[in-house]
Each structure stands twice: as structure tokens, then as C-alpha cells.
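Chemist: Starting from these lines, generate the structure:
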Amino acid sequence: MTSMTDDSHATHDTTLGAIGPAKPEIADLFGIARRGWLFIVAGTALGFISASMILTVIPPNYKASARIVFERTLPRYMQTNKVTNEPIIDDSDTLGQSYVISSESILLQVVKSLALASDPDFAGKKDNKTLGSRVRNFFQNILGAPSSAKELADDQAIQPRKDPEKVAFDSVTRNLTVAREEVASVMTIAFTWKDPVKAAAIVNSVVDTYINDSLAEKEKSTVVARNVMQERVEELKQQVKDADRAVTEYKSANHLVGTDQMTLSHGQLNILQTQLTRTQLAMAEAKARMERVAGDPDASATLSPDNELIKKLRGELQELSTRANDIEKLVGKNHLAALKLRIRMEDMRQAIDAEQKRIAGTFEKDYELERHRFDEVSAEIARVITSEGVGGNAQAHLRELESAAEALRILYNRGLQQLSEMSKVDAQPSATPYARVLMRAIPPLETESSKKRYLILAGGSVIGLMLGTALVLGRSFPFGVFRTPQQVTHATGLPCIVLPELLSSEERASLSIGKYVLDWPYSRFAQTLRSAWATINIAQRESGAKVVGVISSNPGEGKTTIAINLAAHFGRHSTTRVLLVDADFHRQSLTKSVAPEARVGLREALAEPTALAKFVVRKEQLNIDTLPCPVSDQMLNPAELLGTPEMEQLIKFAREAYDLVIIEAPPMAAIVDYKMIARHCEGFVFVVEWGKTSQRLVLECLSDASALLDRVLCVVLNKADPSALRSIEHYKGSRFHAYYSEQKRA
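Modeler: Okay, the predicted model is just below:
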């Protein structure tokens, strides 16, 4: 018999560990949604109403935009055909033009041209509150609540700056957006304002000011280039004169005037002279660049060619600019993220400037290299002349002087020709600005909020739907708890019944004293409790079970009411003698409900086990006897008292005196007392609170108490929500639920 029991224990424990916690089914989730549809609809409606309120408090802003394209084909054609010498904007340069458009030099001109400094919308007192403060004030006005002292202080602190022009400039800068389109040479300029006409006027003014300013910059750069070229031509002219004078003086000093001693007929000397001329030209150009940078350090930006590093830095600078503009539009100009991006942009600009200066620093090395080449070619010419016997040192030096004079003359003629072309071009007005307008701004008809109205309403409704759904799931959380008998059976392998929660105060009062099965014998609670009664009856007939324990994992799951009403149900049979024992020395819930007037009970009965009748309280109306547990003081270790031989003798005497003994034990997860009681019980009724008790806790308690697992007669899923139970059991049909309702009314 012991071997069979051990095998049964092992089987139950293995099955319990193999099955594990039960997960909710899709039908359970749909049932929860069906029961909480009112919350879901209310949440969706609340989200929609909130979005509508937000739309009402959002100030009406209009966004006007214009589009420009940077010209490169026409200026390049004009430069190629010597029609103009104006600079050209490349793709990499268009990134920097967004900063030029939004710069102070452009926008201040717009402010002055449109007289925005005298416009109260831009420079006067205006509402600078954010959308959040507007929403708070809106609800405060509805509820009649005054604004906080801090907000009032903030409102008083928001005052316009003393300079109206700077205030207007800040307003324009804050609402202006300059962004490059997918095509590198196309840029969109937009301005957002509450007046559509002013928004369009400001955008068009910005575009016109930028184009006019670019024309002025072109003319200025052309004038500067012409002046530089003129100075260079004058310098070359003087150098040519000095070189010719040096040749003449040398011929006179060495009596070479009128002589022709050029007898070298092979072409080696001509080739060397050609190389000498080219080297001298390159040396002169390198020297000019070096002297230009030495005289004007800022000229390195225009003279230095862009290498791969500079192009890469310019691209990163534009990306940082775009990100900074986006962040400033979202969180403001003084946000920490925007400030960090501006610092990184300044570092990028310094890196570009440093790279350009580094390239400019190589001009001196280029000049030294060309001069070194010039010296080498000159030495080679002298060597050839000497080795071939062409002439003496005087003739060689004369050739050098003549070559140098010829090289300077070529440079002078080239510069003079370029200066003449520039003078012809400058005589004509410039007709090729940096950019031309693709689309001018017109006053928009729709506000920005109206364009996003449906998106805001849909977003608010979705958020409300999610909040309503979250509330429903929070109220009926389906994960980790038991809600159906199938879940209990799947997780534990034990049979299960469901008892609905009683909602009326009258029913609860009757339930607490054990009279519910007598007052409402045809209700679903009473009918379902009969299932437990039938299970215990079967166990009595098959194994002679007389002692049944009522246990639970946690306190407050309803084992006291189950024990009382189960005993009352058995007591209805006049031939059945029932004893209800309160073995919970900690809370004595059963004693407080059934025998609150008792002064002696279980503790005193353990001292005289054979005198059980002295300590039993008779309940004639329920036809049961109760052994209460009136303990006024806190006991240190009740488990020792329950494990004594006197307890075993007391249970033995109760078996002989009664047909059924129902013992309410303390909760399993909190107290170990149940282990002392379990050895006296042939069966157990395990009470689990519907939707509250954790599956893991139930399985943990059953695993720890594997010795009593095969003696659990049934699991009672107690306090089930009637509406939820109706939804869960919707597959049984309306007639099933109406059956109990009609019986209850009868």
C-alpha cells in the first residue's frame, strides 16, 4: 500500500511539473474585450475628444514656401566663352547657402524692408506660451482652477527685448525653415505664421533679398579680382622693365651688343630653354599665391582647392545643420541637443578653415620646389653651353637674363590680356545670380493643424483605444492567474468547480454564517457546492474518508465560507453528523463567523481529547457541531500543538463520534501548520481565488505538499465574476445561465 501511495505521489508530482502554468486562450482575451467594451469605447471617445480639444487650442499657423534652384550651366557657359568671370556654386557649396539664407545679414534686411520692427505681431507683446501651457490653461479655465504662481511669474517674466528690430529678427529666425530637397541644387524656403499674407510676403522677401545680395557679392568679388589682377599686371610690367634693363646693361658691360655668337645648332639647348621658361612661369605663379596668402590670410579660403577631406567635412557640416534645424523646431534654440550640434558645427568650420590654411601653407613649398627646378634647369643649360663650347660664361649669363626677361614678358602679356577681358565683362551688368526662383510663395489657404487634423484625431483615438484596452486588461489581467476550470485541470491535473461571487449584501451575510445553501438552495452557488458534496460522498463510500481538510494558498481566498457552507450542506441530512473544526490559530475566521461567543475550543480540547463534547458548539439551524478556536493571545508555534499525540487522539475520537469532520487549515504559502493537519485528513478541498491567485503560487504549494496531492478531491475556483463567468461560458448558451437565474427568482 505504501509503495502504491509513493508511486501515486511521484506520478502526480511528475505530471504537475510537466504541465506547468496554463496560458490564456484567444477566446479569453476576446471575452475580456467583450466584457470591457464600454471602457474601450469610452477610452476611444475620450482620446477623440482630447484630440479635438487640442485642435481647438492650437494657434492657427499658416506655412508659406518658395523654391529656388542654383544655376550652374549658364555661368559655366559664360565663363567658358569669356563672357563673365563670376564664381559658380557647386553642389557642395549649396549646403552652406542654407546658412547664408538664414543669416543675420539677409534676415535683418528683410526685417527692415518689411518694417517688421514696428509690427506688433513681430516686435510687440504677444502670446509666447507653448502648446503644453495652452492646453493646461484650457483645462484650468474649464475647471475654474487658477494658474499656478510659477506660471504667473513666468508670464510676467516674458517681456520683449528692448531692441524691436532684434525681437522681430528672432521671430523671423524662429519660424523660418530652409531645407535642401532631394535634388542637390534645389532648396525650399518656408515660413510659418498666423497671418498667411505676411508669411508669403516674408518668404518672397527672403528669396529676393538673397538673390540681390548674391548679385552684389558677385559684383564685389569681381571688383576685388580685377583689382588684384591689375596690381599683378603692374608688378609684372615693372619686372619686365627691370629684366630688359638688366639684359641691355649686361650686353654693354660685356661688349656683346650687335654680336651673334649663337652657334649651337642642335635642339638640346632649345628644349632646356623651353623647360626653363615653363619652370619660371610656374615659379612666378607659386610666388604670387604665396605672396597673396602672406598679405591676406583670409584669401586661403579662395585660393586653396577643395580636397576630399574638405568635401567630406562640408557634407557632415550640412547634415549637422539639418539635424540642428529639426531639433530647434521641436524643442527650441536653447535646448542642450541643439547647442551641442551648434558646437560641433563650429568645430567642423574650424576644421575646414584649418585644412584650407594647411593647403595654403604648401604654397611656399611649391614656390621653393619650382625655384629649385628653375635652378636645376639653369645649371643644366650652363653645363650644356660649357660642354659644347657654345660660348663663355658671359654668353651663358646673357642667355639666362634673356630667358628670364622673356618669361616675365609672357606673364605680363597674359595678365594684360586677362585684365582687358575682365574690363570688358565688368562694363556689362551681371545677369546671372546664384539662384533663380522656381516657385514664389503664395498665401496658403489651410493652416498647418488643419492639414494634420485627421492624423491628430486618429492618433488621439488610437491612444484612447490603447488606454481603454490597457484598463480592461488591468482589471481582468488574463496572464498568470486561473479563470477557467480547464486552466486549473490543465495545470494541476485535478478536477475543478467554479463558484460565482455573490454581489448582494444579503447573500454575503447569509454566506458568511453558512445559511446560504439553506436560503438559496437552487442558486448556482448552492448547486455547484453540491458537486463538492458529491465528490466527498463518493470518497466516503469508496475509501471511507471521514476527515476532509479545506486549504488554500493565500489567506482571503474564501476557504472559511466554503468550509462553513459545505458543512451546512452535509448537515441538511438529518442522519449525517458533521463536525466543523477551526484549526487556524492565527486568524480564527471560522470561529468569528460561526461561534463568536465561544470561550473554549480546540486548544482546550487538546488537553482533554476524550471530552470533545464539552468544547463543541452546537448550531441547530445548520445541524452541525463546531469546534471553535477562540485564542485571545498570539501563540508562538501552533504547529507544535497540532502535531502532538493529543491532536491525533482528538481526531480519532471525532472520527468515532461524527460521520464527517471538516477542518479549516491555515493558508499553505504563509504557515506550515497545514503539514501537521494533512496527515489526519483523507481528502482535501483546495480553494483558489478566481483571477487573483497566481498560478505559480498554486503550483508551488502543490509541489511542496506532494504528500497530499493525490488526496485533493477537487479544486474550488472561488469568487468568479458573474459577468466574466457568463462571458467565459458563452458557449453554453443563454438557456444555461437563465436556468439558475429562474431558480434563484423562484
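
Chemist: ok, now how distant is residue 722 from residue 531?
Modeler: In this view, residue 722 and residue 531 are 18 Å apart by Cβ to Cβ, to the nearest Å. (Each C-beta comes from the backbone N, C-alpha and C, glycine too.)

Chemist: If you count surrounding residues, which of those two has more?
Modeler: Ranked by neighbour count (other Cβ atoms under 10 Å), residue 722 and residue 531 place residue 531 first, with 16 against 13.

Chemist: which regions of the stretch 401-550 of the chain lie under the pLDDT threshold?
Modeler: Where the stretch 401-550 of the chain drops to pLDDT under 70, the residues are 421-434, 448-453, 474-479.

Chemist: Show me where it has its strands.
Modeler: For the stretch 401-550 of the chain, the strands defined by DSSP state E, counting those that start in this stretch cover 435-439, 496-500, 547-552.

Chemist: any idea which of the ones you listed is most buried?
Modeler: Mean neighbour count (mean count of other Cβ atoms under 10 Å) peaks for strand 547-552 among the strands of the stretch 401-550 of the chain, with a mean of 26.

Chemist: how about residue 67, secondary structure?
Modeler: For residue 67, the assignment made with DSSP: H, G, I helix; E, B strand; the rest coil gives strand.

Chemist: what's the spacing between stretch 218-226 and its chain's center?
Modeler: A distance of 51 Å separates the centroid of the chain from that of stretch 218-226, by Cα atoms, centre = their mean, to the nearest Å.

Chemist: Just the buried positions in it, please.
Modeler: By 16 or more other Cβ atoms under 10 Å, the buried positions in stretch 218-226 come out as 218, 222, 225-226.

Chemist: After the longest helix along the chain, heading C-terminal, what element do we hit next?
Modeler: Assignment by DSSP state H gives helix 196-253 as the longest helix of the chain. Once helix 196-253 ends, the next helix or strand along the chain (criterion: DSSP states H and E) is helix 268-295.

Chemist: what's that following helix packed up against?
Modeler: helix 300-303, helix 363-388, helix 393-426 (3 or more Cβ pairs under 8 Å, 6 or more residues apart in numbering; DSSP states H and E).

Chemist: so how many other residues sit close to the closest residue to residue 520 other than its chain neighbours?
Modeler: Leaving out its chain neighbours, the residue that sits closest to residue 520 by Cβ to Cβ, 6 or more residues apart in numbering is residue 526, at 5.9 Å. For residue 526, the neighbour count with other Cβ under 10 Å is 21.

Chemist: what residues are up against residue 526?
Modeler: Contacts for residue 526 (Cβ atoms under 8 Å, 6 or more residues apart in numbering) come out as 516-517, 520, 569.

Chemist: tell me the two of these that are most distant?
Modeler: 520 and 569 (12.0 Å; Cβ to Cβ).

Chemist: what about the two, which has more around it?
Modeler: Neighbour count, other Cβ under 10 Å: between residue 520 and residue 569, residue 569 has more, with 24 against 19.

Chemist: Isn't that one up against residue 531?
Modeler: No - judged on Cβ atoms under 8 Å, residue 569 makes no contact with residue 531 at a distance of 10.8 Å.

Chemist: one step back: check the offset of the longest helix of the chain from the chain's centre.
Modeler: 53 Å.

Chemist: Likewise for stretch 655-672?
Modeler: Worked out by Cα atoms, centre = their mean, stretch 655-672 lies 56 Å from the chain centre.

Chemist: coming back round to it: helices - which of the contacts of residue 526 land there?
Modeler: Counting by DSSP H, the contacts of residue 526 place 516-517, 569 in helices.

Chemist: can you redo those as TSV with distance to residue 308?
Modeler: Shown next, in TSV, are the ones in helices among the contacts of residue 526 (distance: Cβ to Cβ, whole Å):
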residue	distance to residue 308
516	89
517	92
569	92
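
Chemist: and of those, the nearest to residue 365?
Modeler: Looking across the ones in helices among the contacts of residue 526 and measuring by Cβ to Cβ, the closest to residue 365 is residue 516, at 105.5 Å.

Chemist: for that closest one, what are its contacts?
Modeler: By Cβ under 8 Å, 6+ apart, the contact set of residue 516 is 502, 507, 510, 523, 525-526, 565.

Chemist: Can you select the buried ones from those in ChimeraX?
Modeler: Buried residues among the contacts of residue 516 (16+ other Cβ under 10 Å), as a ChimeraX selection:
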select :502,507,510,523,525,526,565
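
Chemist: Return the set of buried residues in stretch 42-59.
Modeler: 43-44, 46-48, 50-51, 54-55, 58.

Chemist: Can I get that stretch in PDB, CA atoms only?
Modeler: Provided in PDB are the C-alpha atoms of stretch 42-59 (Å, rounded to 0.1, in the frame of the first residue of the first chain):
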ATOM      1  CA  ALA A  42     -15.100  55.300 -23.600                       C
ATOM      2  CA  GLY A  43     -11.300  55.400 -23.900                       C
ATOM      3  CA  THR A  44     -11.500  55.900 -27.700                       C
ATOM      4  CA  ALA A  45     -14.200  58.600 -27.300                       C
ATOM      5  CA  LEU A  46     -12.000  60.300 -24.600                       C
ATOM      6  CA  GLY A  47      -9.000  60.200 -26.900                       C
ATOM      7  CA  PHE A  48     -11.000  61.600 -29.800                       C
ATOM      8  CA  ILE A  49     -12.400  64.400 -27.600                       C
ATOM      9  CA  SER A  50      -9.000  65.200 -26.200                       C
ATOM     10  CA  ALA A  51      -7.500  65.400 -29.700                       C
ATOM     11  CA  SER A  52     -10.400  67.700 -30.700                       C
ATOM     12  CA  MET A  53      -9.700  69.900 -27.700                       C
ATOM     13  CA  ILE A  54      -6.000  70.100 -28.700                       C
ATOM     14  CA  LEU A  55      -7.000  71.100 -32.200                       C
ATOM     15  CA  THR A  56      -9.100  74.000 -30.700                       C
ATOM     16  CA  VAL A  57      -6.200  75.300 -28.600                       C
ATOM     17  CA  ILE A  58      -3.500  75.000 -31.300                       C
ATOM     18  CA  PRO A  59      -3.000  78.500 -32.700                       C
END
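
Chemist: Thanks a lot, see you next time.
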